[in-house]
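Enquirer: give me the fold of what follows.
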Amino acid sequence: MLSSKSFKSISSSPAALEILRFLIAGGSCFILELAVLYILTEFVGFNYLISAAVAFTLAVAINYFLCAYWVFATKNRSITTKFIFIATSVIGLGINQLCMWLFVEFCGIYYMLAKIFATAIVTIWNFITKRLALTH
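Expert: Numbers count the residues shown, from 1 in each chain. Model prediction:
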């Protein structure tokens, strides 16, 4: 268990706070993404891959503002930075779609569960690339 002294030490670390904020922002966007994926697939009748792409794009747009203004609190919001953020997000979408397709079509996993697995993989990519895009 963490003592209060250990917790204060961890919580005052800029890197730990950045990761915590990234997880909160990402977790919130993930919940939104899952909800949109489910609604578009189950109620609107879209194919799960179309729903996943729409949900991912919406979540990335919101995530950009959370990352730029809160997680990494960067002043670097140039056109180049936005382009890098968008380009890495498009690659993340590709990774997401490939994972979703493989998990659903080849592994026979329910699309909502496949989304959780795909997100776990894409989260690593997102943290590294978003941090680089917004802090350099």
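Enquirer: just the helices in the protein please.
Expert: 4-11, 14-38, 48-66, 79-101, 111-135 (DSSP state H).
Enquirer: I'd like to know which of those helices lies nearest to residue 72.
Expert: helix 111-135 (4.4 Å; CB to CB). C-beta here means a position set from N, CA and C on the backbone, and glycine is covered the same way.
Enquirer: give me the mean pLDDT for the closest one.
Expert: Mean pLDDT, computed over helix 111-135, is 88.
Enquirer: in it, what's buried?
Expert: Within helix 111-135, the residues that qualify as buried are 111, 114-115, 118-119, 122-123, 126-127, 129-131, 133-134, counting by 16 or more other CB atoms under 10 Å.
Enquirer: same check, this time on stretch 72-83
Expert: 72, 81.
Enquirer: quick check, distance from that stretch to the centre of its chain.
Expert: 17 Å (CA atoms, centre = their mean, to the nearest Å).
Enquirer: so what touches that stretch?
Expert: 18, 64, 68, 130-131, 133-136 (CB atoms under 8 Å, 6 or more residues apart in numbering).
Enquirer: again, only using 7 Å
Expert: By CB atoms under 7 Å, 6 or more residues apart in numbering, the residues outside stretch 72-83 that reach it are 18, 68, 131, 133-135.
Enquirer: next: stretch 13-32.
Expert: 10-11, 59, 62-63, 66-67, 70-72, 119, 123, 127.
Enquirer: ok, now stretch 53-60?
Expert: 29, 32-33, 36-37, 40, 89, 93, 96-97.
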